[in-house]
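> Make a model of this:
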Amino acid sequence: MSEGLAARRAAVALLLEATGSGRLLSDILADPTGPLAGLNGPDRARAQRLTLATLRRIQPADATIAPHIRRTPAPLVLAVLRLAVAELAERPQDAHGIVSEAVTLVRSDPKSTQASGFVNAVLRRISAAPVTLETQRLPVWLRRPLVQRFGKATVKAIEAAHLAGPMLDLTVRHSADTALWADRLGAEVLPGGSLRLAPGVQVTALPGYETGEWWVQDAAAAIPARVLAVQPGESVLDMCAAPGGKTLQLAAAGARVVALDASGARMERVRENLARTGLQAELVVADALEWQGATGFDAILLDAPCSATGTIRRHPELPFVKDPADLPGLVALQSALIDRAIALLRPGGRLVYCTCSLLPDEGENQMAAALDRHPQMARDQKAVAGWPGNWDAKGGGLRIRPDHWAERGGLDGFFIGAMRKSA
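The predicted structure follows:
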């Protein structure tokens, strides 16, 4: 097998899974019997990079392919064409090799071998001129409400941020050591204290990983715990805690943390990260709506299940996986979780509600509805003070978008709302 062919074959298989199975790419990659099984480290990394690059360009790649075909080809053939077009846009100087290996991929599969001539002809015509791919647009079900809320120019900026992909952000265990680790890792210190590195670094090989001096956490995802601002000794509940970045933040601040999540498998990751960092929290695997544990918490952090539409820059398969029909159920679940959190909060206690969603129904509207249902709760505007002015959400809280800090590499999209219970 020629150099690079194994990675391309795996990338095609990943594309087929990501666009047709309804599974997140992270779940597919974690499958020991999945498309990456048997690949060496460099080929695994290359296959993932090719897959992500293609997923971020499927729509414009299809538009490039369309004038050269009469009907939609078989899924495997289409995946090969999409991959090749995305590569041609990135590396036009390698056009000969890209086209040749695309033909080899199709020819080596008994179900598609007859399409090898077709693939060769299409890609030869496409590669005869420079390939320029437009920015991929969000699906209509998501784009329409975002245009209504933010306007077309902002949505285009969000789409451009999705194309750029994510950076690598770290949260330092002891905030006093932030400058030290920024210097050791050659990282930028972002407002709020997160460290930012260029992507593509082998995380486990970096200084400080084995000793748990820091953990990987998008800079936006680190903000809710900072807004909650727990104090040493406070009793804190991290609802829907897995994979645990916020649990680590709360524990590092000296709080007595109960981390609650319904997924035992995901809570194992929290347990492993607590052990690596030397931090402590009580881990509870249970449905938050049915859990009959402690009450009277000083502070609660609720990072509720959501559409995850704020994370498309790192999960470009989401538009192909998410079903908009699921949104009403998610909104109802978020409402129920907020009600449960308020019931578990002591008088005078604090609640931070957040979602990694761009949709107001899962953010601003959800918080406003909660305040209407619970007159004992009030917005805590002081808790969200001090962040950039253009992050202010309508009705209170913070609205973080992928195009924020674009010059620094962007952020995941988040809504963060702070509330306080009357004494």
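> And the strands in the stretch 101-250 of the chain, which stretches?
Ranges of strands in the stretch 101-250 of the chain, per DSSP state E, counting those that start in this stretch, are 168-172, 188-189, 195-197, 214-216, 235-239.
> what about the helices in the stretch 1-150 of the chain?
Along the stretch 1-150 of the chain, counting by DSSP state H, counting those that start in this stretch, helices occupy 5-20, 25-30, 41-55, 58-65, 75-90, 95-107, 116-127, 140-150.
> residue nearest the centroid of the protein?
Central residue of the chain (Cα atoms, centre = their mean): residue 311, 3.3 Å from the mean position.
> Surely it is in contact with residue 358?
No - the pair residue 311 / residue 358 is not scored as a contact, 9.5 Å apart, by Cβ atoms under 8 Å. Where you see a C-beta, it was placed from the backbone N, CA and C, and this is true even at glycine.
> Name the residues contacting each of the two.
By Cβ atoms under 8 Å, 6 or more residues apart in numbering, residue 311 and residue 358 have these common neighbours: residue 413.
> Pull out the buried positions in whichever helix in the chain runs longest.
Taking DSSP state H as the criterion, the chain has its longest helix at helix 327-344. Residues 327, 330-331, 334, 337-338, 340-342, 344 are the ones in helix 327-344 that count as buried (16 or more other Cβ atoms under 10 Å).
> one step back: could you dump the helices of the stretch 1-150 of the chain into JSON lines and include mean pLDDT, distance to residue 398 and mean neighbour count?
Below are the helices of the stretch 1-150 of the chain laid out as JSON lines (pLDDT from 0 to 100; distance: least, Cβ to Cβ, whole Å; neighbours: other Cβ atoms under 10 Å):
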{"stretch": "helix 5-20", "mean pLDDT": "93", "distance to residue 398": "31", "mean neighbour count": "22"}
{"stretch": "helix 25-30", "mean pLDDT": "89", "distance to residue 398": "26", "mean neighbour count": "15"}
{"stretch": "helix 41-55", "mean pLDDT": "93", "distance to residue 398": "28", "mean neighbour count": "19"}
{"stretch": "helix 58-65", "mean pLDDT": "96", "distance to residue 398": "30", "mean neighbour count": "20"}
{"stretch": "helix 75-90", "mean pLDDT": "96", "distance to residue 398": "34", "mean neighbour count": "23"}
{"stretch": "helix 95-107", "mean pLDDT": "95", "distance to residue 398": "43", "mean neighbour count": "19"}
{"stretch": "helix 116-127", "mean pLDDT": "96", "distance to residue 398": "44", "mean neighbour count": "18"}
{"stretch": "helix 140-150", "mean pLDDT": "95", "distance to residue 398": "15", "mean neighbour count": "16"}
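> sorry, back to before: please identify the buried residues of the next helix or strand after the longest helix of the chain?
Following helix 327-344 in sequence order, the next helix or strand is strand 345-355 (DSSP states H and E). For strand 345-355, burial by neighbour count (16+ other Cβ under 10 Å) applies to 345, 349-355.
> State the number of residues packed around residue 69.
By other Cβ atoms under 10 Å, 15 other residues sit near residue 69.
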